[in-house]
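>>> When you get a sec, could you give me coordinates for this:
(chains A and B)
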Amino acid sequence: DAGVIQSPRHEVTEMGQEVTLRCKPISGHNSLFWYRQTMMRGLELLIYFNNNVPIDDSGMPEDRFSAKMPNASFSTLKIQPSEPRDSAVYFCASSLFSQGGWETQYFGPGTRLLVL
Amino acid sequence: AQSVAQPEDQVNVAEGNPLTVKCTYSVSGNPYLFWYVQYPNRGLQFLLKYITGDNLVKGSYGFEAEFNKSQTSFHLKKPSALVSDSALYFCAVRDITSETGANNLFFGTGTRLTVIP
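Residues are numbered from 1 along each chain as shown, chains lettered A, B, ... in the order given. Model (predicted):
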């Protein structure tokens, strides 16, 4: 299995520009998680989906952030407009969810975002 | 509420010595507990997990962790540290009795392990 795939791996953009991060979960997994990692705040859960439906988006910082999962094999995290404080490493993770289950999350390699 | 605490930001240990990375948790019900490792410029990698059963869990790369319900701890251990074990280690918990059925994990702040040659 190819594991969780994220693209791009690195992104440098200017303040005010739109940024779109992409994630392909492991085939067969039905839960998908977006995290952000910074030195100051550590690892933060932004949003997660079960069966393509957003379950908890309480970690999304503000309205500039949006996430979609149009199908089981693809998700996007969009920042519009981007700001320098959005600079971080963004991770996608996937797992196989079942009620009362004990699924393990598998992480992608991350997208390193720098907003100038 | 669910949470984990990793009381040490940094742990230094000499190569060949045993290592311990500490984690304590707080859940209202029964916990699922995980350890992940992150190498530089990489995503988090799953090391091991505790669900039920034997309190001593063995995982990848010779690591093990001991679940202690009375102390609400899940410390990561290895009998003999390698320089290649130097990385950032995260403890995580999920409350399996969560009424919401939520399956997200709560991660600690991470402990940076440095193994000194």
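>>> Could I get the full set of strands for chain A?
Secondary structure of chain A (DSSP state E): strands located at A:5-7, A:10-13, A:19-24, A:31-38, A:42-50, A:53-56, A:65-71, A:74-79, A:88-95, A:106-107, A:111-115.
>>> Show me what the first one is in contact with.
Pointing back at strand A:5-7 there. A:21-24, A:90-92, A:108-111 (CB atoms under 8 Å, 6 or more residues apart in numbering or on different chains). Every C-beta, even on glycine, is put in place using the N, C-alpha and C of the backbone.
>>> Filter those residues to keep only those in contact with chain B.
Subset of those in contact with chain B: A:91, A:108-110, counting by CB under 8 Å from any CB of the partner chain.
>>> can you map out the strands along chain B?
Listed in chain order, the strands of chain B (DSSP E) span residues B:3-5, B:10-14, B:19-21, B:24-26, B:31-38, B:44-50, B:56-58, B:64-68, B:73-78, B:87-95, B:106-107, B:111-116.
>>> Could you export these to CSV, including columns for distance to A:Arg41 and mean pLDDT?
Output for these, formatted as CSV (distance: least, CB to CB, whole Å; pLDDT from 0 to 100):
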stretch, distance to A:Arg41, mean pLDDT
strand B:3-5, 15, 90
strand B:10-14, 18, 97
strand B:19-21, 21, 97
strand B:24-26, 20, 94
strand B:31-38, 15, 93
strand B:44-50, 16, 93
strand B:56-58, 29, 94
strand B:64-68, 26, 96
strand B:73-78, 23, 97
strand B:87-95, 14, 90
strand B:106-107, 11, 88
strand B:111-116, 16, 97
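>>> who's A:Ala93 bridged to?
A:Phe33, A:Phe107 (DSSP bridges).
>>> quick one: contacts for it?
A:4, A:32-33, A:35, A:105-108, B:43-44.
>>> Point me to the residue of chain B nearest chain A.
Distances between chain B and chain A by CB to the nearest CB are smallest at B:Gly43, namely 3.7 Å.
>>> picking that back up, okay, the strands of chain A in CSV with distance to B:Gly59 and mean pLDDT next?
As requested, those are arranged in CSV below (distance: least, CB to CB, whole Å; pLDDT from 0 to 100):
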stretch, distance to B:Gly59, mean pLDDT
strand A:5-7, 25, 96
strand A:10-13, 31, 97
strand A:19-24, 26, 98
strand A:31-38, 21, 94
strand A:42-50, 19, 90
strand A:53-56, 28, 88
strand A:65-71, 30, 96
strand A:74-79, 28, 97
strand A:88-95, 17, 95
strand A:106-107, 15, 93
strand A:111-115, 27, 97
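>>> and of these, who's closest to B:Gln6?
Nearest to B:Gln6, of all these, is strand A:42-50, at 9.9 Å by CB to CB.
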